[in-house]
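Engineer: how would this look folded up:
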Amino acid sequence: MLRSYHLRVPQSLGQLYVHAVFATKNREPLILNPDPPRLHAYVVAVLAELGCPSLATGGIEDHVHILHSLGRTRSVAWVMEKVKSNASRWMKQQGAVDFWWQPGYAAFSVSRADIERVQRYIRGQREHHR
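Structural biologist: Numbers count the residues shown, from 1 in each chain. This is a model prediction of the structure:
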């Protein structure tokens, strides 16, 4: 006869935040049509689907910045591959025929104390690059 045991389900918690940056091929201003805000909204949706919600997404015509939470079962490399490939496909579906990302990305860990500062930096990209 089986005994009734109180099953303990292991729980995991991760609070990791990543500031990632990736650029268009040769840093050319390829994010024109659709414009950067539409691409950023699409990237936010992709990150949500991956279980890595965006805390800020921005950039200009030649690069994208994202600050996102890293899902506890995800790697930075996997998330970047999924975001870049989906965003590239979406840009081409929107009519940007010769659209490509530069290989690679930059990714930095962000402490909870610095989240607001990084959000302001990402949201201020247009002014920063004037």
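Engineer: Helices along the chain, start to end?
Structural biologist: With helices called from DSSP state H, the chain shows them at 36-49, 76-93, 115-123, 125-128.
Engineer: For the first one, buried residues please.
Structural biologist: Think helix 36-49. 36, 39-40, 42-44, 46-47 (16 or more other C-beta atoms under 10 Å). Bear in mind the C-beta positions are built from the backbone N, C-alpha and C, glycine included.
Engineer: who's in contact with Ser69?
Structural biologist: With contacts defined as C-beta atoms under 8 Å, 6 or more residues apart in numbering, Ser69 is in contact with 15-18, 52-53, 55.
Engineer: sorry, back to before: could you dump the helices of the chain into CSV and include mean pLDDT and distance to Ile60?
Structural biologist: Formatted as CSV, those follow (pLDDT from 0 to 100; distance: least, C-beta to C-beta, whole Å):
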stretch, mean pLDDT, distance to Ile60
helix 36-49, 97, 6
helix 76-93, 97, 15
helix 115-123, 97, 11
helix 125-128, 78, 6
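Engineer: Kindly reformat these as CSV and extend each row with distance to Leu30.
Structural biologist: Listed next are the helices of the chain as CSV, based on distance: least, C-beta to C-beta, whole Å:
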stretch, distance to Leu30
helix 36-49, 10
helix 76-93, 8
helix 115-123, 19
helix 125-128, 16
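Engineer: coming back round to it: by neighbours, which of the contacts of Ser69 wins?
Structural biologist: Cys52 (23 neighbours; other C-beta atoms under 10 Å).
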